[in-house]
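# This is the structure alone, sequence omitted:
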């Protein structure tokens, strides 16, 4: 086998509205400390925790 390229390998790109964008965010030290402890114990990442919390509080749903 010579390493030929295959058609359509890998994950399909996410729709534009669902793509993640990096942002700068300032949070108080106590919240950063809590996130560090929470994320260290088999919980999702900080980004996922923040996304879930904001979605739940403001009753938001991702577009389809």
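That came in fine, so what should we check first? This one's a predicted model, so the numbers in the text were calculated from it and none came from an experiment.

# show me where pLDDT drops low in the protein?
Within the chain, the ranges that satisfy pLDDT under 70 run 1-3.

# where along it do the helices fall?
Applying DSSP state H to the chain gives helices spanning 29-40, 46-57.

# for the last one, packing partners?
Under the contact definition 3 or more C-beta pairs under 8 Å, 6 or more residues apart in numbering; DSSP states H and E, helix 46-57 sits against helix 29-40. Where C-beta positions appear, they are placed from N, C-alpha and C, glycine not excepted.

# Buried residues, the helix it packs on. List them.
Using 16 or more other C-beta atoms under 10 Å as the test for burial, helix 29-40 gives residue 35.

# chain center to that helix, what's the gap?
Centre-to-centre, helix 29-40 and its host chain are 16 Å apart (C-alpha atoms, centre = their mean, to the nearest Å).

# do stretch 34-42 as well
With C-alpha atoms, centre = their mean as the basis, stretch 34-42 stands 15 Å off its chain's centre.

# ok, now stretch 5-20?
Distance of stretch 5-20 from its chain centroid, counting by C-alpha atoms, centre = their mean, is 16 Å.

# Perfect, that will be all.
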